[in-house]
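Visitor: Structure here, sequence nowhere to be found:
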């Protein structure tokens, strides 16, 4: 019945004007979807690791929020069957020195992962100019084979896939105190995790994320 109704709306629009064509098309085909940019092997144990060697994040817990949000969505919405807990690699690197960081493939193997979704934080801020509240992060993502060579599975670009993540805000919603600022960072971290996960499964198109590789 809804399909017939949509078709009748479309026919009426073609006869009497075009104002109703777009809604009819949405009813017929559903909302616009974005395809996965890379399909992960569902049979290979996978781990999400967020690297922040440049200390862009104010709290270590934000790394876990990004990674855990991504892993939970990959299990729920994606096709992965086995995901290694994101806490495992973070715990493993907690004692490493800045001048001798662990190789990512080695890190993946040490936590029993065959594949690593490696996320680098290039920027993470609630305000680019110090005044306007516009939570924004820039991330680079690679998929690394922790077992076989060559190590990088995706993308072809050596620097990784770059995305910009923004959290929609209303004017006048600037944080009033440290607690609200922390909540804003937590929300941005969650959106980062969602954006990372959505690279690997089909999802409803969302304008929160900009692909900055192109």
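Guide: Yep, that arrived. Note that the structure is a prediction, hence the values are computed from the model and not measured.
Visitor: For the rest of this, base every contact and every neighbour count on C-alpha atoms.
Guide: Noted.
Visitor: What confidence value was assigned to residue 207?
Guide: What the model reports as pLDDT for residue 207 is 56.
Visitor: Does the top helix by length along the chain pack against any helices or strands, and if so which?
Guide: Of all segments of type helix in the chain, defined using DSSP state H, the longest is helix 178-197. In terms of contacts (3 or more CA pairs under 8 Å, 6 or more residues apart in numbering; DSSP states H and E), helix 178-197 is packed against helix 60-76, strand 136-145, strand 161-166.
Visitor: if you set the cut-off to 7 Å instead, what comes out?
Guide: helix 60-76 (3 or more CA pairs under 7 Å, 6 or more residues apart in numbering; DSSP states H and E).
Visitor: What residues sit buried inside the helix it packs on?
Guide: Neighbour counts over helix 60-76 (16 or more other CA atoms under 10 Å) mark 62-74 as buried.
Visitor: With stretch 144-164 instead?
Guide: For stretch 144-164, the neighbour count (16+ other CA under 10 Å) marks 144-146, 152-154, 160-164 as buried.
Visitor: Save those residues as TSV, and put in distance to residue 136 and pLDDT too.
Guide: Putting those into TSV (distance: CA to CA, whole Å; pLDDT from 0 to 100) gives the following:
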residue	distance to residue 136	pLDDT
144	26	97
145	29	97
146	30	96
152	27	94
153	27	97
154	24	97
160	19	96
161	17	97
162	13	97
163	11	97
164	7	97
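Visitor: Residue 55: neighbouring residues, count only.
Guide: 13 (other CA atoms under 10 Å).
Visitor: and the nearest residue to residue 135 once chain neighbours are set aside, what are its phi and psi?
Guide: Closest residue to residue 135 apart from its sequence neighbours, by CA to CA, 6 or more residues apart in numbering: residue 126 at 3.9 Å. Main-chain dihedrals, residue 126, degrees, to the nearest 10: phi -90, psi -20.
Visitor: For residue 126, report the pLDDT, please.
Guide: Note on residue 126: pLDDT of 94.
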